[in-house]
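Undergrad: My questions are about this predicted structure, shown below with the sequence.
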Amino acid sequence: LTLFMLISTAACQPTPEQAVVVKKDMERMVEKAGNADIGVKLSDMDVSEERYTYSATGAGGKLRINVDASVSLPEADGIPILRVAESGFSQEMVTGIFNFLYPNRKPYNVVTHTITKAEVEEMLLRYKKMQADGSYDKDFYTEEQWQRKIDETEMWLKNVPETANDGVSYISDGTMTRFDDGKSVYYNLHCWMPETEDHLLLVRSYDTDGINRDLSVYDGADAMSLNSSLYYDRDMGDALYSIDKSIQTDGKEVPPSVEGNLTVGLAEAQKICDDFLTASGSGGVYRVGNVAYLPDKSGKYAIKFIYTRMIWNIPTTFIAYGDGFGMADSYSLPWGYEYVEVLVDAEGIAMINWRNPVETGEELEPNVGMMTFDEVKPIFEKMMKTIWEPRVDWGGTAADPQEIDIFVDRVALELCRVREQNALARRQGIFVPAWVFYGHSTRTTTMSSQEYYTYDEVGGVGQSSLGAPIPILVINAVDGSIIDLARGY
């Protein structure tokens, strides 16, 4: 449903030395949060009449920042700091989802050709011969990379079966299968209705302990795929609804332009989603963060819900897209932020896109003292120009100039996941309180007098159309540092 436009990522990548500094800063931040004499507790804050307005320009007028935002606090007694780690999708969770999506007629497992030990042995011999005579493609592989390919194939050989199971197709009961590809271990479920070629369910669940600690064994594309995901597509890729013409809302009211043209009522669609989350074992864990209305070719609308996790009645940072967030650090295992999206129409759930579920752990501080909004405003105003001015000319030239407009319309005190930098090859971190500034960015590129637009860039990934609001800037409410959601810390 979403078309992504890649842009050049000219920002500097962190070095391992910088990661150590970040780790120490995190330790100091937690220590500071435990000091009862520092900061203001949530119960002592008040922004009930606060509305924040601000405007600025930068980069010679090519960067324009405008803020007209509500400011809100969570409805809770206090805000904690908690440990958090990836959880993947448990079998119990997947079974609940499977039974909800297929209450009667069951799908078939998708079975592909199983490579046998003999085939891998033949492949390995061929790779070694090409190494010996130098016939491998040197435009794509260095000597070290080709040797690594051989080493990976030898690891793979240890786990492949003697015989193939080609042609064995059977009705699924929702049980995931354990796979070991020589680099990592994961659990997989891939099923559909073959007679109608629809109702596809694809689950891939990683446990951090099953992922190779030596990140050098993964190519860039491999590493990006090491995120747990659950995807359901009832209509198997048929673009029934247009994301480019969607109408975005906060979910409180149905827009007048949509009312009367819905394929399903808002309350009914919400009930279907609630039942789905309950079936997954996640009832009450999530709250709707955004509701979008997507039209079909006849002008009838389905409803898309994007959820955010709640902890102690405190929202976690709302993530509007499954790509870009948490994936931009070259020195650590990619760890995308949790993202839950459900599309509903008259026939029920049409699509589910759920990525990177997490679980909370130890409570490090139960009620943190924090910076007030008045204290973070000057940080926002300074850092917006500092961060966004260098981005204006990413990929731009004198002949094809670029400009960026930023608009912020909501500020909220929430919990934000920050990665622990002493665990580069693991996915664990902490939830910390943060002031999150939500809105949109629009990049305008002028080429041959024609203007082209890219929206809401995160981690080098931009959108081709305007969707749900994204975090424009995130400020740690304990120490005032900037949290880079593209890298996860």
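TA: Perfect, I can see it now. Residues are numbered from 1 along each chain as shown.
Undergrad: which residues of the stretch 251-400 of the chain score low on pLDDT?
TA: Low-confidence segments of the stretch 251-400 of the chain (pLDDT under 70): 322-324, 326-331, 395-399.
Undergrad: quick one, strands of it?
TA: For the stretch 251-400 of the chain, the strands defined by DSSP state E, counting those that start in this stretch occupy 286-295, 301-311, 314-315, 339-345, 348-355, 358-365.
Undergrad: For the first one, which helices and strands make contact with it?
TA: Pointing back at strand 286-295 there. Secondary-structure packing of strand 286-295 (3 or more C-beta pairs under 8 Å, 6 or more residues apart in numbering; DSSP states H and E): strand 247-249, helix 266-279, strand 301-311. Just so you know, the C-beta spots here come from the backbone N, C-alpha and C atoms, and that holds for glycine as well.
Undergrad: quick one, that strand and helix 266-279 angle?
TA: Orientation check (axes from the mean of the first three to the mean of the last three C-alpha atoms, to 10 degrees): strand 286-295 against helix 266-279 gives 130 degrees.
Undergrad: Between strand 301-311 and strand 286-295, find me the angle.
TA: Going by the same axes, to 10 degrees, strand 286-295 makes 160 degrees with strand 301-311.
Undergrad: And for Pro255, nearest residue in space, chain neighbours not counted?
TA: The shortest distance from Pro255 to any residue other than its chain neighbours is 5.5 Å, reached at Ile247 (C-beta to C-beta, 6 or more residues apart in numbering).
Undergrad: can you pull the contacts of the one you found?
TA: Counting by C-beta atoms under 8 Å, 6 or more residues apart in numbering, Ile247 touches Pro255, Ser257, Val258, Ala292, Tyr293, Tyr301.
Undergrad: Give me the distance between Met447 and Tyr453.
TA: 12 Å (C-beta to C-beta, to the nearest Å).
Undergrad: Neighbour count for these two, which is higher?
TA: Neighbour totals were compared for Met447 and Tyr453, and Tyr453 leads with 15 against 12 (other C-beta atoms under 10 Å).
Undergrad: Check the contact between the more buried one and Arg443; I expect there is one.
TA: Yes: in this structure Tyr453 lies within contact range of Arg443 using C-beta atoms under 8 Å: 6.9 Å.
Undergrad: who does the lengthiest strand in the chain touch, helix- and strand-wise?
TA: As assigned by DSSP state E, the longest strand anywhere in the chain is strand 428-447. Contact here means 3+ C-beta pairs under 8 Å, 6+ apart; on that basis strand 428-447 packs against helix 16-33, strand 63-72, strand 81-86, helix 373-388, strand 402-419, strand 450-458, strand 470-476.
Undergrad: returning to what we had before: possible to save the strands of the stretch 251-400 of the chain as CSV with distance to Val458 and mean neighbour count?
TA: As requested, the strands of the stretch 251-400 of the chain are exported to CSV (distance: least, C-beta to C-beta, whole Å; neighbours: other C-beta atoms under 10 Å):
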stretch, distance to Val458, mean neighbour count
strand 286-295, 15, 20
strand 301-311, 15, 23
strand 314-315, 19, 21
strand 339-345, 12, 24
strand 348-355, 14, 20
strand 358-365, 19, 15
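Undergrad: mind putting the ones you listed in CSV, distance to His190 included?
TA: Formatted as CSV, those follow (distance: least, C-beta to C-beta, whole Å):
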stretch, distance to His190
strand 286-295, 25
strand 301-311, 24
strand 314-315, 33
strand 339-345, 20
strand 348-355, 15
strand 358-365, 24
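Undergrad: just so I know, which of those strands lies nearest Thr372?
TA: strand 314-315 (17.0 Å; C-beta to C-beta).
Undergrad: So which elements touch the closest one?
TA: strand 402-419.
Undergrad: If you average the pLDDT over the strand it packs on, what comes out?
TA: Strand 402-419 comes out with an average pLDDT of 94.
Undergrad: What are the buried residues along that strand?
TA: Counting neighbours by 16 or more other C-beta atoms under 10 Å, one finds that the buried residues in strand 402-419 are 402-404, 406-419.
Undergrad: Pull the distance from it to the chain's centre.
TA: Per C-alpha atoms, centre = their mean, to the nearest Å, the displacement of strand 402-419 from the mean C-alpha position of its chain is 15 Å.
Undergrad: Repeat that for stretch 441-453.
TA: Using C-alpha atoms, centre = their mean, the offset of stretch 441-453 from its chain centre is 27 Å.
Undergrad: picking up where we left off before, got the helices and strands packed on strand 428-447 as CSV, with distance to Arg148 columns?
TA: Shown next, in CSV, are these (distance: least, C-beta to C-beta, whole Å):
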stretch, distance to Arg148
helix 16-33, 20
strand 63-72, 43
strand 81-86, 26
helix 373-388, 36
strand 402-419, 27
strand 450-458, 31
strand 470-476, 37
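Undergrad: follow-up on the earlier one: out of the strands of the stretch 251-400 of the chain, flag the one nearest Glu122.
TA: strand 348-355 (36.6 Å).
Undergrad: got the angle between the closest one and strand 286-295?
TA: Orientation note: strand 348-355 sits at an angle of 120 degrees relative to strand 286-295 (the same axes, to 10 degrees).
Undergrad: List the strands paired with strand 348-355, with their directions.
TA: Sheet partners assigned to strand 348-355 using DSSP bridges are listed as strand 229-233 (antiparallel), strand 339-345 (antiparallel).
Undergrad: Output these as JSON lines; include the columns distance to Gly429.
TA: Shown next, in JSON lines, are the strands paired with strand 348-355 (distance: least, C-beta to C-beta, whole Å):
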{"stretch": "strand 229-233", "distance to Gly429": "19"}
{"stretch": "strand 339-345", "distance to Gly429": "16"}
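Undergrad: Quick one, which of those gets closest to Phe305.
TA: Across the strands paired with strand 348-355, the minimum distance to Phe305, taken as C-beta to C-beta, is reached by strand 339-345, at 5.0 Å.
Undergrad: contacts for stretch 99-118?
TA: Here stretch 99-118 has contacts from 157, 160-174, 189-194, 199, 201, 232, 275-276, 279-280, 349, using C-beta under 8 Å, 6+ apart.
Undergrad: picking that back up, from the contacts of Ile247, which single one is nearest Leu364?
TA: The closest of these to Leu364 turns out to be Ala292 (C-beta to C-beta; 35.8 Å).
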